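S.K.: Predicted model, plus sequence, below.
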Amino acid sequence: MNADDLRHLARRASGSLIPAAHSVWIHGSLPHQFDAARRMFQVLAEGRADLCLLFSSGNPDTMRYLKACFPNDQASAPPIDFKPVIRRFFRIANPRLLILLDGGRTLAAGSLRHTLKAGLSIVAINVGSTDEINQLLIERARQGDSPIRFCAKDDAAAQGLLDLGIPSKDITVTGSLDFEPGRPSQQVPRAKVRQLLGVGDSTPLVVAGPVPNDDLGLLLDAFALLRQREPSARLVVEPAEFGHSTTFLDGSQERGWRTLRRTDPKQTTREQAWEVLIAEVPGELPALFRAADVAVAGGTFSQTLDRASLATALGAGCTVVVGRTHLALAFGDLASNENPWVISVEDSGLGSALYDAFGAQRTAGVPATIHPCQRPHLGAAQRTVQFLKPFLPAAIAAGPEGPTWRVPTLRDGVSDGPVWKAIAPWFAKRRIEDWDGLRERLRRPQSILCLGNGPSCEDPRLAQVDHDCLMRVNWRWRGRGFLAEPDMVFVGDFATVHNLSNCLFGIWNEFLEHRLLLRRLTHRGPRRIEYVTMTRLPGVMQARPWTVRPSNGTLMIITAAALQPERITIGGMDLFMHPAGRYPNEIRTRNEYSRVHTRENELAMIDLALRDFQGEITILSDILRTSLEEYRATHRAQVVTSASVTS
């Protein structure tokens, strides 16, 4: 048993959960189920900073995906089927609604029974057939007057549920989330994904997935035939089971092709680095389809069609090759000659079909409008949320301290208690108390470089910026080797103080200060850290009664301006609006603020911080520069209008 197995076992014992006042528990099996519902999650949580979304899956690869893609929510393996563990899970997570993405097939019967016994509502969403539903739920739903509801993809799925004896009042047709256009994972531009893969814009690219082992030989034979006609063609293939990546790697290398894993650092170094790429990062396939000229819908030749892979590929706007028999069974209307973006073939014709598909793509181009198969499902996310809203927990009044769903832990209670408050001053002896002290500690910097974590933090121009003080946020930049020796780091993630040791830290307020000092003590021992608490210093933080928590990037800019150097250069502050995504080379994570921050508040604080700065300001983050200009223009217009009314 390795370290990953031990961590997964700990999660299944609810060892990694943060106590919540209430939560919405969302369970599924595979990454594509969560990805299809991501727009729905966004709508569900809009305006609800108090709402804890708790994602769970018993699949370790899916857990990796959830941890990466939902950093502002909770992700945990579901409890093992053992009553004390289940009770502990419910006591800590305090779920008020259970949403099932896989019909509950992979959720232990004990968890379902406990949910029903507690009187909580259970809603299975995106239901395509009755085969997807846990038999226990079907039996309970048949009894009538149950707390179980179903959101069906279409009328046929709804009729199947009715045929099982489930009351019509418990069924609604919302449309398929699989065909939801504009899902977050497919917002990264095609050119950016290709750049990430190290592939030129004109290079013929096939993306296939998720591919079961039984289809591998067929796919590689077809790719070999394609390369006879298109020698520059490249293949990206995602295994249906990530544990079989080595099998795919070996199979490709045996044919003499340069083959790399997606996680290999050499993958993006140059155009000719690979001919076959094994995509082994869970949840990347929807974005990879965006880069493809032609997609092969995985599992359509040797197995039953994975409807989600076809829907995802079509939504990405590329030509899709599928097995003819399975296509006719599942999407017969897509096989017509009027659809230039779907090519159905027999197994033996796959190689020729790939070549023909490139011609079809060049002729038809990327669909200019919504694909015909998507139209019946437009608005599925909104309809699903409307159905779920009556079952959501009541709102908790939000405040600037952070997510209001968090219940103080024992450690939090200690940090707020009289004993720790009496001891904490000893650990705070290296705290810097004023701007002059910070200026001296940083050796009176004259040129400060502020770097957030957005994609523009790796703008090549930054390497040429002359600076004598580097400020960064959290710790994601550590392994990238670019501007990785900061003088000051602003802390929002408690992991930062564990991963860094020789930095001066910036902390938002006294509330976080006490918790951070105690956490540092319990994890790293009594060694004191050097830090600044922003709310203890005069300036922007005291200028107004801010009701929304500032991000650490904003605190960084406030600090740089308060030190009054000759020059400030800002990069990586993209306000979660960069088309390349949330972080550099990350194409899965939701590109949006945590619900405790707002873009309007960020711009207000940054504008106020820079308003009286006398030095030179260079903003290399184009999005921040443009947004600030628009904010200032709007603000000035409001001031002028107000003055006119007053006079």
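M.R.: Alright, I've got the coordinates. Just so it is clear, the model here is predicted, and its values are computed rather than measured.
S.K.: only C-alpha atoms for contact and neighbour calcs from this point on.
M.R.: Noted.
S.K.: Hmm, residue 274 is touching residue 259, no?
M.R.: Yes: if you go by CA atoms under 8 Å, residue 274 and residue 259 touch, sitting 5.4 Å apart.
S.K.: can you list contacts of stretch 241-249?
M.R.: Stretch 241-249 is contacted from outside by 61, 212-213, 216, 239, 259-261, 278, 280, 282, using CA atoms under 8 Å, 6 or more residues apart in numbering.
S.K.: Give me the buried positions along that stretch.
M.R.: 242, 245, 248-249 (16 or more other CA atoms under 10 Å).
S.K.: in stretch 111-122, what counts as buried?
M.R.: In stretch 111-122, counting by 16+ other CA under 10 Å, buried: 111-112, 115-116, 120-122.
S.K.: Among those residues, name the ones in strands.
M.R.: 121-122 (DSSP state E).
S.K.: Which members of the buried residues of stretch 111-122 define the maximum pairwise distance?
M.R.: Greatest spatial distance among the buried residues of stretch 111-122 (CA to CA): 111 and 121, at 13.0 Å.
S.K.: Show me which of the contacts of stretch 241-249 is closest to residue 189.
M.R.: residue 282 (19.4 Å).
S.K.: Assumed the closest one was part of a strand.
M.R.: No: assigned with DSSP: H, G, I helix; E, B strand; the rest coil, residue 282 falls outside any strand and is coil.
S.K.: which residues touch it?
M.R.: 31, 61-62, 64-65, 242.
S.K.: again, only this time at 6 Å
M.R.: Residues near residue 282 by CA atoms under 6 Å, 6 or more residues apart in numbering: residue 65.
S.K.: Distance-wise, check it relative to residue 505.
M.R.: Per CA to CA, to the nearest Å, residue 282 is found 33 Å from residue 505.
S.K.: Could you do residue 17 as well?
M.R.: 27 Å.
S.K.: Please say which of the two ends up with more neighbours.
M.R.: Taking other CA atoms under 10 Å, residue 17 and residue 505 do not tie; residue 505 has more neighbours (24 against 17).
S.K.: my read: the more buried one touches residue 534, true?
M.R.: No: when contacts are counted by CA atoms under 6 Å, residue 505 is not listed as touching residue 534 (10.5 Å).
S.K.: Can you show me the strands along the stretch 351-500 of the chain?
M.R.: 447-451, 469-473, 488-490 (DSSP state E, counting those that start in this stretch).
S.K.: got JSON lines for these, with mean neighbour count, mean pLDDT and distance to residue 596 too?
M.R.: Output for the strands of the stretch 351-500 of the chain, formatted as JSON lines (neighbours: other CA atoms under 10 Å; pLDDT from 0 to 100; distance: least, CA to CA, whole Å):
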{"stretch": "strand 447-451", "mean neighbour count": "25", "mean pLDDT": "95", "distance to residue 596": "21"}
{"stretch": "strand 469-473", "mean neighbour count": "25", "mean pLDDT": "94", "distance to residue 596": "17"}
{"stretch": "strand 488-490", "mean neighbour count": "26", "mean pLDDT": "94", "distance to residue 596": "17"}
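S.K.: and residue 626, which of those strands is closest to it?
M.R.: When the strands of the stretch 351-500 of the chain are compared (using CA to CA), the closest one is strand 447-451, at 17.4 Å.
S.K.: quick one, the closest one and strand 469-473 angle?
M.R.: Orientation check (axes from the mean of the first three to the mean of the last three CA atoms, to 10 degrees): strand 447-451 against strand 469-473 gives 20 degrees.
S.K.: Strand partners (parallel or antiparallel) of strand 447-451?
M.R.: strand 469-473 (parallel), strand 567-571 (parallel) (DSSP bridges).
S.K.: And stretch 502-512, end to end?
M.R.: Taking CA to CA as the measure, stretch 502-512 stretches 20 Å from start to finish.
S.K.: List the buried residues of that stretch.
M.R.: 503-509, 512.
S.K.: cool, stretch 521-534 as well?
M.R.: Buried residues in stretch 521-534, defined by neighbour count with 16+ other CA under 10 Å: 528-534.
S.K.: Now tabulate the residues you listed in JSON lines and tack on pLDDT, distance to residue 194 and secondary structure.
M.R.: Below are those laid out as JSON lines (pLDDT from 0 to 100; distance: CA to CA, whole Å; DSSP: H, G, I helix; E, B strand; the rest coil):
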{"residue": "528", "pLDDT": "85", "distance to residue 194": "46", "secondary structure": "coil"}
{"residue": "529", "pLDDT": "86", "distance to residue 194": "42", "secondary structure": "coil"}
{"residue": "530", "pLDDT": "90", "distance to residue 194": "42", "secondary structure": "coil"}
{"residue": "531", "pLDDT": "91", "distance to residue 194": "41", "secondary structure": "strand"}
{"residue": "532", "pLDDT": "94", "distance to residue 194": "42", "secondary structure": "strand"}
{"residue": "533", "pLDDT": "92", "distance to residue 194": "42", "secondary structure": "strand"}
{"residue": "534", "pLDDT": "92", "distance to residue 194": "41", "secondary structure": "helix"}
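S.K.: could you dump the residues you listed to JSON lines with distance to residue 231?
M.R.: Output for these, formatted as JSON lines (distance: CA to CA, whole Å):
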{"residue": "528", "distance to residue 231": "60"}
{"residue": "529", "distance to residue 231": "58"}
{"residue": "530", "distance to residue 231": "58"}
{"residue": "531", "distance to residue 231": "57"}
{"residue": "532", "distance to residue 231": "58"}
{"residue": "533", "distance to residue 231": "59"}
{"residue": "534", "distance to residue 231": "59"}
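S.K.: contacting residues around residue 177?
M.R.: If you count contacts by CA under 6 Å, 6+ apart, residue 177 has them with 36-37, 380.
S.K.: and which of those is nearest residue 151?
M.R.: Taking CA to CA as the measure, residue 151 sits nearest to residue 380 out of the contacts of residue 177, at 9.9 Å.
S.K.: from what I can see that closest one touches residue 174, true?
M.R.: Yes: counting by CA under 6 Å, residue 174 is a contact partner of residue 380 at 5.3 Å.
S.K.: Where does the record place the domain boundaries for the protein?
M.R.: Here the domain parsing of the chain from automatic domain parsing is 3-180+379-391, 184-371, 410-646.
S.K.: Just give me the lowest mean pLDDT stretch among those.
M.R.: Note on the domains of the chain: lowest mean pLDDT is at domain 184-371, with a mean of 79.
S.K.: Please, where are all the helices along the stretch 301-450 of the chain?
M.R.: 307-315, 324-331, 350-364, 380-388, 410-416, 418-427, 435-441 (DSSP state H, counting those that start in this stretch).
S.K.: which one of those is the most hemmed in?
M.R.: Compared across the helices of the stretch 301-450 of the chain, helix 307-315 shows the largest average neighbour count, a mean of 24 (mean count of other CA atoms under 10 Å).
S.K.: For that one, what is the distance to the chain centroid?
M.R.: From the chain centre to the centre of helix 307-315 is a distance of 19 Å (CA atoms, centre = their mean, to the nearest Å).
S.K.: Equivalent analysis for stretch 238-257, please.
M.R.: Taking CA atoms, centre = their mean, one finds the center of stretch 238-257 at 27 Å from the center of the full chain.
S.K.: again, but for stretch 536-543
M.R.: 33 Å.
S.K.: who's in contact with it?
M.R.: 434, 535.
S.K.: And it, end to end?
M.R.: For stretch 536-543, the end-to-end distance is 13 Å (CA to CA).
S.K.: Pull out the buried positions in it.
M.R.: Buried residues in stretch 536-543 (16+ other CA under 10 Å): 537, 539-541.
S.K.: who touches residue 81 in this structure?
M.R.: Counting by CA under 6 Å, 6+ apart, residue 81 touches 108, 110.
S.K.: cutoff 7 Å now
M.R.: 108, 110-111 (CA atoms under 7 Å, 6 or more residues apart in numbering).
S.K.: Tell me which stretches of the stretch 151-300 of the chain form helices.
M.R.: 155-163, 190-197, 213-229, 245-253, 285-291.
S.K.: Deepest in the core, which of those is it.
M.R.: Of all those, helix 285-291 carries the top mean neighbour count, a mean of 27, counting by mean count of other CA under 10 Å.
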